[in-house]
Structures are given as C-alpha cells and as structure tokens.
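1. the sequence and its predicted three-dimensional model are supplied below.
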Amino acid sequence: MVRRGLADHVIGREIARVHLAGVRVARRHVAGSQDLADRLAGLTITAASRRGKYLWLALDGEEALIIHLGMSGQMLVEPEQAPVEKHCHARFDFTDGDPQLRFIDQRTFGGLALSPLGTDGIPEAVAHIAPDPFEPAYDQAAVVRRMKQRESAVKRALLDQSLVSGIGNIYADEALWRARVHGERLCSGLSKPVLHRVLDHAREVMAEALSQGGTSFDALYVNVNGASGYFERSLHAYGRAGTPCDRCGAPIRREHFMNRSSFSCPVCQPRPRQRSTT
DNA sequence: CTTTTCTCCTGTATGC
DNA sequence: TGCATACAGGAGAAAA
C-alpha cells in the first residue's frame, strides 16, 4: 500500500536535495546522515519495492534507499509549503518541484539507509530477511520444514523475520487464534499440517489487513501501522483481554511472552503441558 | 553457530 | 489533580 503510493508518486523523479533532521534517522546508514543526504542528491528513483516490513526505492538501478517505518513511521507526499510535521525526519525535494516526499516517525524506530542492490534485486542490507507470504519466492513447505526442526515456541518462529517476514505481534496472535494453537507450543511438537495451517492463517490475516486497512495514498496520507478499519472490525484475540472469544465465549486471556503481550483464548488455545522456553 | 534477551523512543493510558 | 510508571512496537546488538 505504501509501496504502491510511492510507486505512483516518486518513480521516475530525480532527487534534487534531501533534508535530514538529526542523525538518528540515518543511524543504520553506516557513513552517517550527511553522507546519506549528499549521496541521494542527483539520483533518480527507478522502482519501489517491499519485503516484509522493509520498503526500498531503487536509485538508478544500482543502489536502494531502504525505508523502515518501524511502528509509527509514515511516508507523506506533500507540497513544500505544507507545515513541517513535528516528527518529520526527512524531506526530499525533486528536480521537478512539488510535491515533496517526507518521512515522519514519532518513535523513531524506523529509519533510512542506502544499500547496494544485489543481483536478485534485493538490497544487501535486506538480504537476511526471508520472503513474505505474498512473494513468488515464498516457499511455505520449506518454512514448515525449518520450523519443524526448531525447539522454540511457535510464536517466536512466526516473529522471526529470517524465517518468514511481515508477521508482527498482532498478526501472530490473530493467526494463532484462528489456528487454535497456543503460541508457546514448540514448533517441533506441532505436526506439519498444523504448521501449514498456522502459516495459511497468517497469510490470510495479512491479506485482510492489507485489503481493509490503510488510507489511500491519494489522500496524501498513509497510515502504515494504523489500518484502523481492520483493527476495529477484525481482531479476534489481540488487545481483547477479558472480552468473550468470538468462537467459544471464554474470556480472552493476556500473557507476557518475549517482552510482549500475547492474547489468546484459554479454551480454544490451551497452553502446552510442558513449559516451553520463554 | 544458534537462540534469547535487551534496548532504542515517545505519546497515551493507567495507577497511586 | 498531578506526578510516576507501564505499555506499545521491529530489529539488531549483545549475551547466553
């Protein structure tokens, strides 16, 4: 969605100048924010791509500007005259004038970096990220085989971006609720069909979130983590502690796992008998 | 090498 | 009312 918006608004445009506010936005760019801004000037954006939670803009086909939105990041396309947002960390001016591209991030978990493009079209800095469930390169049978060998909890595996990308805490909880599996059950203790079911549900949840969530880029506003429509209507487990399970009516429980909150149905998703690694 | 924990940040919500 | 603390989230560094 954001990728599409970027594709529609910035492909083919030449970057004239980049203003970076502070150094943190470029902390993953090894040579620093000044180097990043200097090197972007004069380059033309040739493509907008995505893998999991990473976005990148190919620049003259050789390098890519990697954009990670973290949890609160946004890319906005606005006129230069528009008031600069409080948490605007980067502004891109183009040689053809308006509109400007801006990177807004309240919590600055996101950031920008420049990375060489690999022969497969994936930036080197994103090479360790596994394909997400919507890519042709996604091989679910292979993911299941790798999961089956793991002794760790299934939710931990779902959140491991080097195994399968794009699944965050919310999608993981929803997929596990749909699959009726407790997140602390060990991967190795689940059958391959069950692991397939969990991943199938994860892909479905992501597809629904994509289709229902997010605001149109044409409105010059993209809310990446918001997906408010989806959040309000479709969540069965996440954030619903104490409310009745949509399947069986039992109150949804909240537990702490991996320094995060996990929500599940105590009846549909019984805890594993033996304690898993926490 | 593999797996797990910790940390970065700040607006909002809750607690005393 | 007001201050303090908890909480949310992804990912990479650090630790185990």
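-> Okay, I see it. Given the structure is predicted, the values throughout are model-derived calculations rather than measurements.
2. correct me, but residue A:251 touches residue A:263?
-> No. Judged on C-beta atoms under 8 Å, residue A:251 makes no contact with residue A:263 at a distance of 10.8 Å. C-betas here are computed from N, CA, C, even on glycine.
3. okay, those two: which has more neighbours?
-> Ranked by neighbour count (other C-beta atoms under 10 Å), residue A:251 and residue A:263 place residue A:263 first, with 25 against 14.
4. find the nearest non-adjacent residue to the more buried one, please.
-> Taking C-beta to C-beta, 6 or more residues apart in numbering as the measure, residue A:263 lies nearest to residue A:237, with 4.3 Å between them; neighbours along the chain are not counted.
5. likewise for residue A:270?
-> residue A:182 (6.2 Å).
6. burial count for the one you found?
-> As a burial measure, the neighbour count of residue A:182 was computed by other C-beta under 10 Å and equals 23.
7. and residue A:158, which of the three is it?
-> Secondary structure for residue A:158, judged by DSSP: H, G, I helix; E, B strand; the rest coil, is helix.
8. and stretch A:131-142, how far out from the chain's middle?
-> Relative to the chain's own centre, stretch A:131-142 is displaced by 15 Å; criterion: C-alpha atoms, centre = their mean, to the nearest Å.
9. is that stretch in proximity to DNA strand C?
-> No. Using C-beta under 7 Å from any atom of the strand, stretch A:131-142 never reaches DNA strand C; the gap is at least 10.2 Å.
10. that stretch: end-to-end distance?
-> Between the start and the finish of stretch A:131-142 there is a gap of 12 Å, counting by C-alpha to C-alpha, to the nearest Å.
11. quick check, residue A:68 in contact with residue A:51.
-> No. Checked against C-beta under 8 Å, the pair residue A:68 and residue A:51 is beyond contact range at 11.0 Å.
12. re earlier: need the residues touching each of residue A:251 and residue A:263.
-> Taking C-beta atoms under 8 Å, 6 or more residues apart in numbering as the contact definition, residue A:251 and residue A:263 share the neighbouring residues residue A:241.
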